[in-house]
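> A structural model of the following input is requested.
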Amino acid sequence: MRQILLTLFYVHQQQLIHRDIKPSNIMIQQNHNIKIIDFGLATKIGTTNNDICGTVGYIAPEVLCITTQQSVYSFKCDMFAAGAIFYKLITSHDLFKEAEDYANFQLKLDLLRKLNTPESGIDLLQKLLDFNYKTRLSAKEALSHHYFTESLRVSAKKSLQMSQQNILLANTSQVSLIGTSETPIQNVNIFTQNLNRRFRFSIQLNN
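As a prediction, the model looks like this:
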């Protein structure tokens, strides 16, 4: 998720709004770096538009509720879509499938607590999915969220455990398969399954 936000931060620095952030437009390279693709609907920040564009499930509410003939798109609509992707990475389910889901949004967040999702993760999600675009997090603000600080601590703990395991295997002259590369990940839909497994493992480490 952090890489997605870093990429969006760069895009927004170029004064661009993607306007169609969704899993199929996020590609994972063989080196696990993330690329955002398909800028066909992209527009410059501050450009007036009279069209509603995006993909159902990832469109920000302020875009759906356009009542004037022309609307100024904000980069915050990309951040709302990033929040919807974050929800899918955690649960493997779409957050919004139809209009009624926007009204039931809080109920879906409550379900995350039943999955033992860290409170910091729920807090980040709520701030990315803030229905008020004026107070919704920017990419820069999201990257500074304490959820990522906690995640880095968990990753460091996991790396230490793996290093200790590798040392033990080396001392006993055993061969380890840790680090063997698998089939390159092609898109975020496949990547979701891997992230879910890592996410649950991270929770166990925190406990």
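
> quick check: residue 85 vs residue 48, distance?
Applying C-beta to C-beta, to the nearest Å, the value for residue 85 to residue 48 is 27 Å. Any C-beta I mention is one placed from the backbone N, CA and C, and that applies to glycine too.

> and what of residue 36?
The value you get for residue 36 to residue 48, if C-beta to C-beta is used, is 24 Å.

> about what we covered before: in terms of neighbours, single out the busier of residue 85 and residue 48.
The residue with more neighbours, out of residue 85 and residue 48, is residue 85; 24 against 11, by other C-beta atoms under 10 Å.

> now the more buried one, nearest residue through space, not along the chain?
With C-beta to C-beta, 6 or more residues apart in numbering as the criterion, residue 85 has its nearest non-adjacent residue at 6.1 Å, and that residue is residue 23.

> neighbours of the one you found, how many?
Using other C-beta under 10 Å, residue 23 has 20 other residues around it.

> wait, doesn't it sit right on residue 87?
No. Using C-beta atoms under 8 Å, residue 23 makes no contact with residue 87, being 11.2 Å away.

> list the contacts of residue 123.
145, 147 (C-beta atoms under 8 Å, 6 or more residues apart in numbering).

> give me the phi and psi for residue 36.
Phi and psi for residue 36, reported as degrees, to the nearest 10, are phi -90, psi 130.

> how near is it to residue 28?
Residue 36 is 11 Å from residue 28, by C-beta to C-beta.

> what about residue 17, distance to residue 44?
Per C-beta to C-beta, residue 17 is found 8 Å from residue 44.

> show me where pLDDT drops low in this protein?
Scanning the chain for pLDDT under 70 picks out 49-50, 66-72, 98-103, 151-207.

> just the helices in it please.
Using DSSP state H, the helices of the chain run over residues 2-13, 61-64, 76-91, 99-103, 105-114, 119-128, 139-143, 146-171, 188-206.

> start to end distance for stretch 37-54?
Length of stretch 37-54, first residue to last, C-alpha to C-alpha, to the nearest Å: 14 Å.

> hang on, I meant stretch 35-48
This stretch, stretch 35-48, spans 27 Å end to end (C-alpha to C-alpha).
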